[in-house]
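*Asks:* When you get a sec, could you give me coordinates for this:
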Amino acid sequence: MSKSNKQCLLIGVFVLLVNMLSAQGFKSEEVIFQAKGDTISFGATITSPKEKGSYPAVVLVSGTGPQNRDCEMAGQPLFAQIATYLSARGYVVLRMDDRGVGKTTGNYMMATTADFAKDALQAVDYLKNYPNVDTKRIGLLGHSEGGAAISIAASQSKDVSFLVSLAGLATSGLESLFLQNESLVNNSPLTPVDRKRSNEINRLMFAVAYQYAESDSLENRLNETFNYWKEKDNIYFATLGIEHDHFRFPIWSYVQQAIGPWYRYFVRYNAQMVLSHVDVPILAINGDKDLFVDPVNLDCWKNYSKSGQEGRVTTKLLPNVNHLMQACKTCDVREYSTLGAMPDSTLVAIIDWLDTTNGITR
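*Replies:* Below is the predicted model:
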């Protein structure tokens with residue numbers, strides 16, 4: 001079977017599952033709501049139980065990169081899967097398009113993690129006036145960078161009553177760049193020599209970006225650092241006796257990214273400071289084969305948060321699971337599109353924790 005046919009089959013199975021769950025007691029509504037004190041309007045889908053009542057609610061917050069409300073990555077609608085599963089079991093779930101995507105206005109490229117936290121709180125505020133929502137039980141679920149966004153949101157608002165992190169960021173921005181890029185480089189097809197060179201220049205550039213993140217001289221400093229490294233690297237490479245040098249650091253594109261508002265904020269993000277103000281129950285789940293968010297983040301959720309000091313953080317490390325929460329084999333990025341959706345066992349772990357946290361018995 002071809003890759004495209006496999007993907008069509010997987011999506012077809014997912015659509016069938018959604019239809020089956022819909023018949024078991026939840027409804028779906030598309031909404032557009034206006035941000036308070038801002039010009040942005042958000043396009044979202046809210047799934048909720050059909051029966052009247054007072055239900056806990058969850059806002060889903062995506063990771064890095066402009067995502068639609070279903071959070072479709074590598075052919076898998078991660079957030080649509082989570083929303084339908086939770087709503088079929090008694091939860092109101094809001095998932096929204098990121099800024100500048102779908103029916104949400106705004107400019108994603110000019111936004112920071114702090115802005116995404118504000119967007120999450122706008123969604124919480126909207127749910128406080130949505131039918132059948134228990135306003136005392138509204139929480140946030142974040143994937144990847146969404147973990148940092150939900151942390152910021154919870155540190156700023158008493159309206160957030162719990163957090164769920166899926167491969168969510170709980171280290172500082174600088175540390176996460178070090179860990180993520182070394183993981184990707186060390187699992188890449190680069191030669192050992194080029195891995196060493198890549199890790200070296202990455203660390204240099206990240207450190208300079210951190211040091212000058214709030215300075216107008218950042219662009220010049222980055223270019224100066226690269227040129228200095230390149231002179232030394234040319235001398236080093238000449239000693240290796242290798243005929244052709246295939247290693248190229250994408251200096252122009254990196255600098256353009258680094259001088260933007262998102263990167264300047266992210267590289268200076270202080271997870272320990274933010275989480276020290278978070279005092280709600282937390283569930284943090286990571287795959288042990290995640291190349292983007294190192295499982296060390298699980299310890300940070302416990303060690304940095306006020307909740308962790310009070311014993312209210314639950315962590316789960318899933319074997320052979322990647323960054324998209326898929327059960328994997330080779331577990332590299334190239335495999336993502338060939339894999340299926342998040343395993344049911346992970347969804348069961350989420351719903352069991354949510355039920356316990358929200359006082360629900362089945």
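
*Asks:* ok, V208 to I350 distance?
*Replies:* 40 Å (CB to CB, to the nearest Å). Placement of C-beta: from N, CA and C, glycine included.

*Asks:* gap between stretch 256-265 and the chain center?
*Replies:* 18 Å (CA atoms, centre = their mean, to the nearest Å).

*Asks:* per-residue pLDDT, the most far-flung residue of the chain relative to its centre?
*Replies:* Relative to the mean C-alpha coordinate of the chain, counting by CA atoms, centre = their mean, the farthest residue is G241 (42.7 Å). For G241, the pLDDT comes out at 91.

*Asks:* Now do the contacts for D159.
*Replies:* Neighbouring residues of D159 by CB atoms under 8 Å, 6 or more residues apart in numbering: L121, V124, D125, K128, T135, I138.

*Asks:* Got the phi and psi for the fourth one?
*Replies:* In this case it means K128. Phi and psi for K128, reported as degrees, to the nearest 10, are phi -60, psi -20.

*Asks:* average model confidence for the helix or strand harbouring F42?
*Replies:* Per DSSP states H and E: F42 is located in strand 41-49. If you average the pLDDT over strand 41-49, you get 98.

*Asks:* which other residues reach it?
*Replies:* 25-35, 55, 69, 83-84, 86-87, 90-97, 102-105, 119, 122-123, 126-127, 130-132.

*Asks:* In contact with W301, which residues?
*Replies:* S165, G168, A170, L275, I282, A284, G308, V313, T315.

*Asks:* Tell me which helix or strand it sits in.
*Replies:* Assigned by DSSP H and E, W301 belongs to helix 296-304.

*Asks:* now N202
*Replies:* Secondary structure assignment for N202, by DSSP H and E: helix 192-211.

*Asks:* circling back: what about burial for the contacts of strand 41-49, which qualify?
*Replies:* Buried residues within the contacts of strand 41-49, counting neighbours by 16 or more other CB atoms under 10 Å: 26, 33, 35, 55, 69, 83-84, 86-87, 90-97, 102-105, 119, 122-123, 126-127, 130.

*Asks:* Show me where the stretch 151-300 of the chain has its helices.
*Replies:* Counting by DSSP state H, counting those that start in this stretch, the stretch 151-300 of the chain has these helices, from start to end: 173-186, 192-211, 218-238, 251-258, 261-267, 271-275, 296-304.
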